[in-house]
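1. Quick one: sequence plus predicted model below, questions after.
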Amino acid sequence: MNFADLDIEPVPQDDGPEPVCAIAYSPKFVQAFDYLRAVLKADERSERAFDLTTVCLEFNPANYTVWHFRRRCLVSLSTGSEHSPTIDVERIKKDLDFADNLGGTNPKNYQLWYHRRALLEFRFKGESEVALQVAKEELEYVDKILGDDSKNYHAWSHRQWIIRTLNNPHLWSSEIEYSHSKVISDPRNNSAWNQRWFALHKGNTSYAVDRNAALSLEKAKEEASYALSGAEVDPFNESPWRYLIGVLMEQWRLALRGGDTEDIAKITDLIRENIVQIREMKQFSEEQPPSEDRPSGSNASLSALVDLLEIFTDEKELLTEAEALLGELVLEDPVRRKYWRRRQNKISEMLKKTLK
């Protein structure tokens with residue numbers, strides 16, 4: 001951009017008469033932002049103002065004000081009416097590419113992701129088939145980003161926003177499969193486990209009673225089995241154990257809130273079945289000779305077992321087992337020793353009550 005051709009007076013940055021710590025901007029940076037302040041002051045939403053935002057964002061892709069003004073320019077330069085503002089499709093496509101190019105070196109830039117969302121909101125207002133195709137293309141883009149960094153929080157959040165916004169059954173069911181593929185490729189990717197939870201609970205599917213409810217009991221059984229399968233692959237991986245506890249505790253709380261005697265009995269049986277399975281896994285692990293890559297015990301499995309055992313507050317045998325396991329955790333996990341000891345003391349108090 002040739003600044004010499006601009007017929008506006010640049011507005012310098014005002015740091016006050018005695019700036020404490022003036023930033024050493026480059027001369028080109030100063031020039032670009034001085035002219036940007038001028039067009040902002042005049043509220044000029046023209047092609048040259050739009051081009052000026054491009055220059056400024058190349059200097060600083062995290063400047064929220066520039067991104068916001070850029071979107072205002074896009075709306076003004078498009079064919080929408082005052083009562084129905086929009087951005088032309090071709091401009092949206094070009095600006096998505098622009099954001100992608102800027103994000104190559106910084107894929108965790110908040111402003112870049114929000115800009116993509118703001119542009120896509122215009123595309124999602126159109127015909128449902130077109131919106132669905134646009135959503136699929138954007139999900140492919142997010143997959144590319146996750147291919148470079150499978151735990152990019154911004155990318156996962158963007159996927160959730162797309163799927164929630166379209167609320168298409170196909171997208172919801174596909175996301176369950178997608179999260180599974182990510183779990184398989186990296187079982188320690190907690191973001192992928194979280195995405196599976198999100199797709200099952202919030203989705204337009206038959207797995208949850210409604211979007212604010214727990215999974216059905218049958219689906220909870222499947223998901224508990226899924227989690228244990230993941231834990232068998234790597235008993236030291238915290239992710240499947242936390243997923244398992246999330247599924248089972250959700251069922252337990254649901255039963256206590258409004259379930260009848262039969263519901264509580266079914267969920268109690270499910271929890272007891274999982275306790276037995278975890279015990280068997282623990283025993284099998286202890287029978288294997290320890291190695292450098294595989295220590296003798298898994299704190300994650302012990303913690304999960306304790307979480308389930310302490311549900312049964314009136315069963316002395318199970319509480320005694322939980323107390324003993326917490327004693328192991330006190331020794332095996334010194335970083336959280338005080339935490340485990342506190343929980344152990346709590347179990348000890350429960351045991352005293354059962355003896356009275």
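-> Nice, I can see it.

2. where along the stretch 251-356 of the chain do the helices fall?
-> 261-287, 299-309, 316-332, 337-355 (DSSP state H, counting those that start in this stretch).

3. Identify, out of those helices, the most deeply packed stretch.
-> Most buried of the helices of the stretch 251-356 of the chain, by mean neighbour count (mean count of other CB atoms under 10 Å): helix 299-309, with a mean of 21. Where C-beta positions appear, they are placed from N, C-alpha and C, glycine not excepted.

4. so how far is Leu102 from Asn109?
-> Between Asn109 and Leu102 the computed distance is 8 Å (CB to CB, to the nearest Å).

5. where do the contact lists of the two overlap?
-> Counting by CB atoms under 8 Å, 6 or more residues apart in numbering, the common neighbours of Asn109 and Leu102 are Pro61.

6. hmm, back to that, out of the helices of the stretch 251-356 of the chain, which comes closest to Ala42?
-> Of all the helices of the stretch 251-356 of the chain, it is helix 337-355 that lies closest to Ala42, at 59.1 Å by CB to CB.

7. Which secondary structure elements does the closest one sit against?
-> Contacts defined by 3 or more CB pairs under 8 Å, 6 or more residues apart in numbering; DSSP states H and E place helix 337-355 against helix 316-332.

8. which other residues reach the helix it packs on?
-> 275, 297, 299, 302-303, 305-306, 309-310, 312-313, 336-337, 340-341, 343-344, 347-348, 350-351, 354-355.

9. One more pass at 7 Å, please.
-> Applying CB atoms under 7 Å, 6 or more residues apart in numbering, the contact partners of helix 316-332 are 297, 299, 302-303, 305-306, 309-310, 312, 337, 340-341, 343-344, 347-348, 350-351, 354.

10. quick check: mean pLDDT across that helix?
-> For helix 316-332, mean pLDDT rounds to 96.

11. How far does that helix sit from its chain's centre?
-> 33 Å (CA atoms, centre = their mean, to the nearest Å).

12. Next: stretch 132-152.
-> Taking mean C-alpha positions (CA atoms, centre = their mean), stretch 132-152 and its chain are 14 Å apart.

13. And that stretch, what's buried?
-> Val134, Ala135, Lys136, Glu138, Leu139, Val142, Ile145, Leu146, Ser150, Asn152 (16 or more other CB atoms under 10 Å).

14. Which two among the residues you listed are spaced furthest apart?
-> Longest span within the buried residues of stretch 132-152, CB to CB: Val134 and Ser150, 23.9 Å.

15. Point out where this structure drops to low pLDDT.
-> 82, 204-213, 290-297, 356 (pLDDT under 70).

16. Would you double-check that Tyr226 falls in a helix?
-> Yes. Assessed with DSSP: H, G, I helix; E, B strand; the rest coil, Tyr226 lies in a helix.

17. Count the neighbours of Ala24 for me.
-> Counted with other CB atoms under 10 Å, the neighbours of Ala24 add up to 6.

18. Now it, what are its backbone angles?
-> Dihedral angles of Ala24 (phi, psi; degrees, to the nearest 10) stand at phi -90, psi 70.

19. likewise Gln13?
-> Torsion angles, degrees, to the nearest 10, at Gln13: phi -70, psi 140.

20. how about it, what does it touch?
-> Phe33.

21. Check the spacing between it and Ala304 real quick.
-> On the measure of CB to CB, Gln13 and Ala304 end up 56 Å apart.

22. No further queries at this time; thank you.
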